[in-house]
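Q: pasting the sequence and the predicted coordinates here, then a few questions.
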Amino acid sequence: MTVPAVPHPEADADETADAWFRGLRAAVREAVDGHAPALLELSRLLHAEPETAFEEHRAAARCAGILAAHGFEVTAPAHGLDTAFSATIGSGPLTVAIACEYDALPGLGHACGHNLIAAAGVGAALGLAPFADELGLTVRVLGTPAEERGAGKALLLDAGAFDGVDAAMMVHPCPFEMADFRSFALGTLDVVYTGRAAHPSLNPHEGRNAADALTVAQVALGLLRQQLPPQWRVHGITTGAGTAPNAIPDRATATYEIRALAAEDLRELRQRVEDCFRAGALATGCEVALERPEPDYLDFRGDPELIRLWTANARELGRAEPVERPPFACTDMGNVSHVVPSIHPVLDISAGACGPHEAAFAEAALSPAAEQALLDGAVGMAWTAADFAVARSRGGARA
């Protein structure tokens, strides 16, 4: 694959520059199309062997291996995470990061379609690779583990993986099309009550019932919900509350998630929810430990320029017109968007028949519609990165 034989825009007038860029875009699409068989095979292999958070060894190796074979400088593991990698090509002054998610859901496999995300990210990078220097780009592909649980991108952000990045992007499968993606901020809370074991008939007065503490907290949370703003969410599960009905449990555990429209709101919500769990301990004479098992997921804040560029490119690819929706999910890409201009468009693979985190969506992630979304996502991201580079070189946004 070679750059179109048209002079660089710095050498000629705008008309010649536009011809050069149109030729480059066609060549980028041709490059992605040339890699399509390998990208589809990658997606299918990831789907067939799902790996959960921080266990994505095969997925990371497969993605990194393809990039290394096409001239990318690969570091793996990277940034202190065993299943993260960084792959770079080009030496331009602008750096674009493409995030590849590849973790699966416990018990559901790729019911969030991360096999498609990883393959689309690899495809976008391969499409840009021959033209990175001509565009003034450094292309950085980041293998980002543990999106479903663990906030891998937040950990990578803290470790410097996104340092020096001018724009970051990824695509995500969904039951509809959306350019201006928005997400909740999310926090996770692990709760452990410690009481005192006793026999429920012989000496119940000596016991301190940890399961009762959790029950009191759940009642308090149920009452709290009436006073919460409409789009604040509190939901969770009991993970342990005794082992036998004839033994007062001395330990009870739960995991809860809280969601709010913005990171600032999340802090207030966390305090109110934690107070409910403290109330359970106070009422029953138990002790409570409240822990955050992962960093908070911040709300996603899309960059207007990148959204506009993506939207135009999606239309050129024949994608459906994007819809506007309020926040409906959470992603650790939100953390990146607070620091780096970012986009996270979603691509329809199921036409509303099923949604993420359903078994049917795992099946949809292998469908012809899903594989078309993979290739469109790869081309769309590559075009958007190229548009971004040309706009910056001209000192403004491209018309």
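A: The structure has been received and is ready for your questions. Numbering: from 1, shown residues only.
Q: give me the element residue 214 is part of.
A: Assessed by DSSP states H and E, residue 214 sits inside helix 210-224.
Q: what comes up buried for that helix?
A: By neighbour count with 16 or more other Cβ atoms under 10 Å, helix 210-224 contains the buried residues 210-218, 220-221, 224. From N, CA and C alone the C-beta is placed, and that goes for glycine too.
Q: do the same with stretch 265-279
A: 265-266, 269-270, 272-274, 276-277, 279.
Q: so how far is that stretch off the chain centroid?
A: Distance, stretch centre to chain centre, for stretch 265-279: 26 Å (Cα atoms, centre = their mean, to the nearest Å).
Q: stretch 90-101 now?
A: Stretch 90-101 has its average C-alpha position 17 Å from the chain's average C-alpha position, going by Cα atoms, centre = their mean.
Q: all numbers from here: first residue = 455
A: Sure, I'll start numbering at 455, so the last one becomes stretch 544-555.
Q: out of the buried residues of stretch 719-733, which is nearest to residue 704?
A: Proximity of the buried residues of stretch 719-733 to residue 704 was ranked by Cβ to Cβ; the top entry is residue 731 with 17.1 Å.
Q: so the closest one sits against residue 670, correct?
A: No - assessed by Cβ atoms under 8 Å, residue 731 is found out of contact with residue 670, at 9.2 Å.
Q: joint contacts of the two?
A: Here residue 731 and residue 670 have no joint contacts, going by Cβ atoms under 8 Å, 6 or more residues apart in numbering.
Q: got a markdown table for the buried residues of stretch 719-733, with distance to residue 522 too?
A: Below are the buried residues of stretch 719-733 laid out as a markdown table (distance: Cβ to Cβ, whole Å):
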| residue | distance to residue 522 |
| --- | --- |
| 719 | 43 |
| 720 | 39 |
| 723 | 44 |
| 724 | 42 |
| 726 | 49 |
| 727 | 45 |
| 728 | 46 |
| 730 | 50 |
| 731 | 48 |
| 733 | 54 |
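Q: and the residues you listed, which of them are in helices?
A: Judged by DSSP state H, helices contain the following of the buried residues of stretch 719-733: 719-720, 723-724, 726-728, 730-731, 733.
Q: where along the stretch 555-704 of the chain do the strands fall?
A: With strands called from DSSP state E, counting those that start in this stretch, the stretch 555-704 of the chain shows them at 591-598, 621-623, 626-628, 639-648, 687-695.
Q: what angle separates the longest one from strand 687-695?
A: Inter-element angle recorded for strand 639-648 and strand 687-695: 30 degrees (by axes from the mean of the first three to the mean of the last three Cα atoms, to 10 degrees).
Q: and the protein, what are its domains?
A: 463-637+751-847, 639-745 (automatic domain parsing).
Q: among these, show me which one is buried the most.
A: Comparing these by mean neighbour count (mean count of other Cβ atoms under 10 Å), domain 463-637+751-847 ranks first with a mean of 21.
Q: residue 758: which of the strands of the stretch 555-704 of the chain is closest?
A: Using Cβ to Cβ, the nearest of the strands of the stretch 555-704 of the chain to residue 758 is strand 621-623, at 12.3 Å.
Q: strands paired with the closest one, and their directions?
A: If you go by DSSP bridges, strand 621-623 pairs up with strand 548-555 (parallel), strand 796-797 (parallel).
Q: picking up where we left off before, could you dump the strands of the stretch 555-704 of the chain to TSV with mean pLDDT and distance to residue 768?
A: As requested, these are arranged in TSV below (pLDDT from 0 to 100; distance: least, Cβ to Cβ, whole Å):
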stretch	mean pLDDT	distance to residue 768
strand 591-598	98	20
strand 621-623	98	13
strand 626-628	98	13
strand 639-648	98	26
strand 687-695	97	30
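Q: the helices in this protein, which residues?
A: In the chain, the helices defined using DSSP H lie at 468-488, 490-502, 511-523, 568-582, 586-589, 606-612, 664-678, 717-738, 758-770, 787-791, 813-818, 822-847.
Q: what's the closest non-adjacent residue to residue 779?
A: Closest residue in space to residue 779, ignoring its immediate chain neighbours: residue 632 at 6.2 Å, by Cβ to Cβ, 6 or more residues apart in numbering.
Q: low-confidence ranges in the protein?
A: Scanning the chain for pLDDT under 70 picks out 455-467, 850-853.
Q: quick one: furthest residue from the center of it?
A: Distance from the C-alpha centroid of the chain peaks at residue 656, with 52.7 Å (Cα atoms, centre = their mean).
Q: so it versus residue 725, what's the distance?
A: Distance, residue 656 to residue 725, by Cβ to Cβ, to the nearest Å: 40 Å.
Q: dump the strands paired with strand 621-623 to CSV, plus distance to residue 817.
A: Output for those, formatted as CSV (distance: least, Cβ to Cβ, whole Å):
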stretch, distance to residue 817
strand 548-555, 19
strand 796-797, 27
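Q: residue 594 and residue 619 touch, don't they?
A: Yes - applying Cβ under 8 Å, one finds residue 594 in contact with residue 619, separated by 6.7 Å.
Q: intersection of neighbour lists for the two?
A: Common neighbours of residue 594 and residue 619, counting by Cβ under 8 Å, 6+ apart, are 549-551.
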